[in-house]
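In: got a predicted structure here, sequence first:
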Amino acid sequence: MVFEKVVEILRNYKEEPELEVTMESSFEELELDSLDTVELVMEIEESFDTSIEMDSELKTIGDVVGLIEKAIA
């Protein structure tokens, strides 16, 4: 459920409803720069009513999903 919601937010953010996203998709592969990443994470935090610690280890969609799952557990 978390992955699907993150993908939905990402597709809306990029305005690409058919965007292919996997857990291994990196922000770089998805053509997200650092500003895009921050804005996207803020939208995800708001959607899940949680907070995600941004750091250099946050590189893939799977990383974000893992942090959200841990935060809402």
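Out: Happy to help now that I have it. Numbering: from 1, shown residues only.

In: quick one: low-confidence ranges for the chain?
Out: Residue ranges of the chain with pLDDT under 70: none are present.

In: which residues in it form strands?
Out: Counting by DSSP state E, the chain has no strands to list.

In: and the helices in it, which stretches?
Out: 2-14, 34-48, 61-72 (DSSP state H).

In: among the ones you listed, which is nearest residue 27?
Out: Closest to residue 27 of these, according to C-beta to C-beta: helix 34-48, at 5.2 Å. From N, CA and C alone the C-beta is placed, and that goes for glycine too.

In: residue 61 against residue 10, yeah?
Out: Yes - when contacts are counted by C-beta atoms under 8 Å, residue 61 is listed as touching residue 10 (7.3 Å).

In: tell me, what's touching those two both at once?
Out: 21, 30 (C-beta atoms under 8 Å, 6 or more residues apart in numbering).

In: contact partners for residue 28?
Out: Contacts of residue 28 by C-beta under 8 Å, 6+ apart are residue 59.

In: look up how far residue 60 lies from it.
Out: For residue 28, the distance to residue 60 (C-beta to C-beta, to the nearest Å) stands at 9 Å.

In: ok, residue 1 next?
Out: Applying C-beta to C-beta to residue 1 and residue 60 gives a distance of 18 Å.

In: higher neighbour count, the two?
Out: residue 60 (18 against 7; other C-beta atoms under 10 Å).

In: not counting its neighbours along the chain, what's nearest the more buried one?
Out: Once flanking residues are discounted, residue 60 sits nearest to residue 26: 5.1 Å by C-beta to C-beta, 6 or more residues apart in numbering.

In: next one: residue 53
Out: Leaving aside its chain neighbours, residue 53 sits nearest to residue 67 (7.2 Å; criterion: C-beta to C-beta, 6+ apart).

In: many thanks, we can stop here.
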